[in-house]
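Engineer: I'd like to go over a predicted model; first the sequence, then the structure.
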Amino acid sequence: MPRIKDPVEIKEDQVIVKAKVCAMVFGVTVRTINDWARKGCPKVAKDTYNLRDVIEWRYAAENKPESLEAQKLKADVRYRESRADMEEMKRKVMIGEYVAVEDIKAELSDVFSQVQQTMLNIKAKVLQQLYTTYPDCAFDVANLVSDEVERGLKTLASGKKSVGRKR
């Protein structure tokens, strides 16, 4: 087929373009188009391409399954990245930046036990303070406080949010 004079020419329902136009369509350089040609991109003539054929070639290459070598390279990269992540985590554990989950659980368990004990002692303290001044209602108030504290502790232990007051 003879070379075209215009950068874009339509012949027999085919769009024939110069390399520069083809590069503009794909958003690449003319050098990239020439590289594609060396890799098997179909050409009409020197520096001339059938745009439909180039599009089919370009996107057919993207949809091909990966070669075994490419799969191995990707797997190797993932392996090396995970090894590097593990080494980084070990380093952070050594310098104390990370704390083991079991250590956190044990510490939280101790703290919540102390909170529970303190909260359960509120009834005795309220009763002690109120009884000398208001002996007739001290037990009622202490029981009310105790009930609310126990409800709050049960809610905390269950992990559910308390919505409003239950009576």
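Structural biologist: Yep, it's here. Numbering: from 1, shown residues only.
Engineer: Going by C-alpha atoms from here, please, whenever you check contacts or count neighbours.
Structural biologist: Will do.
Engineer: so how far is Gln129 from Ile122?
Structural biologist: Look at Ile122 and Gln129: by Cα to Cα, to the nearest Å, they are 11 Å apart.
Engineer: err, Pro7, not the other one
Structural biologist: Taken as Cα to Cα, the spacing of Pro7 relative to Gln129 amounts to 97 Å.
Engineer: How about Gln116?
Structural biologist: On the measure of Cα to Cα, Gln116 and Gln129 end up 21 Å apart.
Engineer: what comes up buried for the helix or strand that Leu144 is a member of?
Structural biologist: Using DSSP states H and E, Leu144 sits within helix 135-158. Within helix 135-158, the residues that count as buried by 16 or more other Cα atoms under 10 Å are 138-139, 142, 145-146, 149, 152-153.
Engineer: Now tell me what touches that helix from outside.
Structural biologist: Taking Cα atoms under 8 Å, 6 or more residues apart in numbering as the criterion, the residues outside helix 135-158 that touch it are 116, 119-120, 122-124, 126-127, 130-131, 161-162.
Engineer: Give me the buried entries from these.
Structural biologist: Neighbour counting over these (16+ other Cα under 10 Å) leaves 119-120, 123, 126-127, 130 as the buried ones.
Engineer: I'd like the residues you listed laid out as a markdown table, including secondary structure and pLDDT.
Structural biologist: Formatted as a markdown table, the entries for the buried ones among the contacts of helix 135-158 read as follows, by DSSP: H, G, I helix; E, B strand; the rest coil; pLDDT from 0 to 100:
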| residue | secondary structure | pLDDT |
| --- | --- | --- |
| Met119 | helix | 87 |
| Leu120 | helix | 87 |
| Lys123 | helix | 86 |
| Val126 | helix | 88 |
| Leu127 | helix | 87 |
| Leu130 | helix | 87 |
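Engineer: Can I get those in CSV including distance to Glu12?
Structural biologist: Conversion of the buried ones among the contacts of helix 135-158 to CSV gives the following (distance: Cα to Cα, whole Å):
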residue, distance to Glu12
Met119, 89
Leu120, 91
Lys123, 95
Val126, 98
Leu127, 101
Leu130, 102
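Engineer: Just the strands from this protein, written as ranges.
Structural biologist: Using DSSP state E, the strands found in the chain span residues 8-11, 14-18, 48-50.
Engineer: what does the longest one rub up against?
Structural biologist: Strand 14-18 has contacts (Cα under 8 Å, 6+ apart) with 4, 6-10, 44, 47-52.
Engineer: Next, give me the two most distant ones among those residues.
Structural biologist: Greatest spatial distance among those (Cα to Cα): Asp6 and Arg52, at 17.5 Å.
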